[in-house]
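Asker: Sharing a sequence plus its predicted fold:
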Amino acid sequence: MHPSQDIKGTKGSELAGRKIVLCITGSVAAIRCPELARELMRHGADVRAVMTQSAVSLIAPRLMHWATGNPVVAELTGELEHVELASWADLVLVAPATANTMSKVACAIDDTPLTSVVSVALGLGKPVAMVPAMHASMYSHNLLQDNLARLRSAGVQILEPRLEEGKAKLPGVREIVDFVLGLLSPKDMIDLRLLVTAGSTVEHIDPIKFITNRSSGKMGVAIARAAANRGADVTLVYGVGTEAPPAGVEVIRVRTTSEMREAVERELARHYDVIISTAAAQDFMVEHPAEQKLRHSEPIELRLIPAPRILDDIRRLAPDSFIIGFKAECRATDEQLLEAAMKKLEENELDMVVANDVFRPGAGFEEDTNEVIIATPSGHKKMSSSKLEIANDILDAVVAKLRGRGR
């Protein structure tokens with residue numbers, strides 16, 4: 001195995017066993033392709049690159065060989081690389097896709113290794129996706145839009161570019177990877193509606209100062225992202241966090257614990273099949289926040305009172321929903337984590353509790369990984385992995401349970 005492939009699966013196994021042909025055109029955004037290829041690999045994918053001559057003039061094939069650990073196709077020979085690659089692939093991803101290449105594919109013109117790979121893939125019924133990148137004036141051109149419509153009618157999936165600074169820019173690597181995960185994930189949650197809470201909340205001391213915690217929202221966003229990838233209709237009630245919400249998810253932004261609780265209660269007027277409360281809401285709030293900015297010239301005494309609990313009464317409001325709570329502890333043993341999880345499970349009449357110790361390395365706030373104990377009334381298990389992989393494991397259990405209910 002090529003040494004560059006050592007990174008496979010380091011962020012999750014969602015794409016394990018999946019084979020992706022990354023087709024690179026002559027857009028300056030091609031400089032993002034090594035990073036994109038390696039991020040796909042970190043989620044388990046095997047990636048092979050095919051490049052146009054215009055792309056080769058921007059980045060060297062040997063760079064993509066290093067990035068993927070696989071030989072790069074930049075010309076067709078008697079080996080029939082276009083047929084072999086398209087037959088091998090689970091997905092042909094054109095990123096970046098120029099106006100020139102997209103228009104050629106729409107008109108069935110095969111005059112580069114890349115267009116030939118796409119043509120064979122479409123003929124074989126393989127999934128093909130494109131991520132445009134060009135000047136905004138080119139992207140808005142009526143004839144190009146007509147060609148995009150032809151591509152969509154042929155089954156090509158298009159990830160829209162970011163329109164800014166007069167450019168139709170390539171989306172971020174994270175967004176493209178989410179797009180791929182959405183295309184290749186099992187669609188086993190279609191017709192299920194999920195309500196997810198994420199992030200921290202704040203409680204004001206005065207109009208400027210507040211108390212909060214270090215929750216980044218990563219775990220809740222990972223669950224929302226994984227559920228959306230699997231076809232679920234997801235609403236995310238999101239407090240304060242650093243993680244960007246995933247595309248295709250309805251987001252309700254809140255700040256205080258009371259706002260989060262009220263948003264959840266409003267949403268529960270609609271039916272949700274699954275409710276997942278990952279938010280690190282504040283346990284306490286200031287009894288009497290100051291109306292004016294407090295000065296540091298003299299000591300201030302604050303009285304903290306219990307803040308509203310997000311999960312209080314949730315079973316009464318959603319008697320038929322599958323409800324999952326999260327429990328964060330500090331410097332706890334596995335036995336103490338399990339005890340805390342089981343107590344929360346019983347007190348709030350939940351179907352599952354996920355407990356973790358935020359002081360363990362790689363398991364706390366702002367981390368991409370986590371170490372958790374997943375507890376249900378029938379048993380428990382320990383899991384240490386990426387937050388996205390833990391999210392999918394939780395959703396696997398949800399799907400299995402709901403199928404058992406005959407849904």
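Answerer: On my side now, so go ahead.
Asker: what about the closest residue to Thr242 other than its chain neighbours, which SS state?
Answerer: Among residues not flanking Thr242 along the chain, Ser216 sits closest, at 4.6 Å (CB to CB, 6 or more residues apart in numbering). (Each C-beta comes from the backbone N, C-alpha and C, glycine too.) Reduced to three states with DSSP: H, G, I helix; E, B strand; the rest coil, the structure at Ser216 is coil.
Asker: Same question for Ser103.
Answerer: Counting by three-state DSSP, the backbone at Ser103 sits in helix.
Asker: right, and it touches Asp146 too?
Answerer: No: because the distance of 9.3 Å does not satisfy CB atoms under 8 Å, Ser103 is recorded as not touching Asp146.
Asker: and the residue nearest to Thr242, how many residues sit next to it?
Answerer: Using other CB atoms under 10 Å as the criterion, Ser216 is surrounded by 21 other residues.
Asker: List the residues that contact it.
Answerer: Gly199, Gly241, Thr242, Glu243, Phe365, Glu366 (CB atoms under 8 Å, 6 or more residues apart in numbering).
Asker: mind checking pLDDT for it?
Answerer: Model confidence at Ser216, given as pLDDT, is 93.
Asker: how near is it to Pro132?
Answerer: Ser216 sits at a distance of 31 Å from Pro132 (criterion: CB to CB, to the nearest Å).
Asker: Outline the domain layout of this structure.
Answerer: 3-184, 193-286+300-402 (automatic domain parsing).
Asker: Output those in JSON lines; the columns should cover distance to Gln292.
Answerer: Formatted as JSON lines, these follow (distance: least, CB to CB, whole Å):
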{"stretch": "domain 3-184", "distance to Gln292": "39"}
{"stretch": "domain 193-286+300-402", "distance to Gln292": "7"}
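Asker: thinking again about what came up before, are any of the contacts of Ser216 buried, and if so which?
Answerer: By the neighbour-count criterion of 16 or more other CB atoms under 10 Å, the contacts of Ser216 include these buried positions: Gly199, Gly241, Glu243, Phe365.
Asker: Now secondary structure and distance to Thr376 too, for the residues you listed, in a markdown table please.
Answerer: Formatted as a markdown table, the entries for these read as follows, by DSSP: H, G, I helix; E, B strand; the rest coil; distance: CB to CB, whole Å:
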| residue | secondary structure | distance to Thr376 |
| --- | --- | --- |
| Gly199 | coil | 25 |
| Gly241 | coil | 27 |
| Glu243 | coil | 27 |
| Phe365 | coil | 25 |
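Asker: Go through these and name the one nearest Val128.
Answerer: Comparing the buried ones among the contacts of Ser216 against Val128 with CB to CB picks out Glu243 as the nearest, at 29.8 Å.
Asker: Does that closest one touch Ile223 like I think?
Answerer: No: Glu243 sits out of contact with Ile223 when judged by CB under 8 Å, with a separation of 11.3 Å.
Asker: intersection of neighbour lists for the two?
Answerer: The contact sets of Glu243 and Ile223 overlap at Ala198 (CB under 8 Å, 6+ apart).
Asker: Spatially nearest residue to Asn147, not counting backbone neighbours?
Answerer: Distances taken as CB to CB, 6+ apart place Ala106 nearest to Asn147, at 3.8 Å, with adjacent residues excluded.
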